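Enquirer: Here's a sequence, model it:
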Amino acid sequence: MTNNDIFKKLRVALMLRDDQIVEILELVDFRITKSELGAFFRDEKHENYMECGDQVLRNFLNALVIHLRGTKENPKNPNDVLAKHKAQIPAKEGSKDRPEFKAKPRDEEKSRGDEAPSKSRPAAKNTSKKQYPKGNSKVQIVEKVKFNFGKNKKS
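Expert: Predicted structure coming up:
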């Protein structure tokens, strides 16, 4: 796993934007621009792709510890910091209008994991042929054709 992969996974896991990463790196007096940072997250085939060096990753990890835990003089709760990051993510349009979807199991008895479904109820009927009403006299053409499948049988 390369340094770029580690950096990308940390960014996604902590839900950090580029400007937040720049601020975090400034905690350990490491200056980097957004464009330099963006080069780490590009595709390897892109002309402006840049490999994340050990120094950048080391400084980011040290700064991340300070950002999440704080200093000895001013300690922080990491869960509060992560919740603050999550709250800063803008909500998608229409997400408040739409209630959260939760799928319900079709058959509650079948969805129970502790027991097997009981045999007391009959299985649902499987109707494979389409039923036509009595008044519909549709002629089926296919039933009058005999298929040999390439075999010559003499009868």
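Enquirer: alpha carbons only for contacts and neighbour counts from here, please
Expert: Fine.
Enquirer: Mind pulling up the pLDDT for Leu25?
Expert: The score at Leu25 is 90. That number is its pLDDT.
Enquirer: so who does it touch?
Expert: Counting by CA atoms under 8 Å, 6 or more residues apart in numbering, Leu25 makes contact with Arg31, Ile32, Asn59, Phe60, Ala63, Leu64.
Enquirer: Please spell out the PyMOL selection for the buried subset of these.
Expert: Entered in PyMOL, the line below selects the buried ones among those, by 16 or more other CA atoms under 10 Å:
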select buried, resi 59+60+63+64
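Enquirer: okay, the contacts of Leu25 in JSON lines with distance to Gly38 next?
Expert: Shown next, in JSON lines, are the contacts of Leu25 (distance: CA to CA, whole Å):
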{"residue": "Arg31", "distance to Gly38": "14"}
{"residue": "Ile32", "distance to Gly38": "10"}
{"residue": "Asn59", "distance to Gly38": "17"}
{"residue": "Phe60", "distance to Gly38": "15"}
{"residue": "Ala63", "distance to Gly38": "18"}
{"residue": "Leu64", "distance to Gly38": "18"}
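Enquirer: mind listing which of the contacts of Leu25 are in helices?
Expert: Among the contacts of Leu25, the ones falling in helices (DSSP state H) are Asn59, Phe60, Ala63, Leu64.
Enquirer: As TSV, those residues with pLDDT would be great.
Expert: Shown next, in TSV, are the ones in helices among the contacts of Leu25 (pLDDT from 0 to 100):
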residue	pLDDT
Asn59	91
Phe60	89
Ala63	90
Leu64	89
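Enquirer: quick check, nearest of those residues to Glu44?
Expert: When the ones in helices among the contacts of Leu25 are ranked by distance to Glu44 (CA to CA), Phe60 comes first, at 21.0 Å.
Enquirer: and the closest residue to that closest one other than its chain neighbours, which of the three is it?
Expert: Spatial nearest neighbour of Phe60, excluding adjacent residues (CA to CA, 6 or more residues apart in numbering): Leu25 at 5.7 Å. Taken by DSSP: H, G, I helix; E, B strand; the rest coil, the conformation at Leu25 corresponds to helix.
Enquirer: show me where this protein has helices.
Expert: So, for the chain - with DSSP H - the helices run 3-14, 18-26, 34-40, 54-69, 78-88, 108-111.
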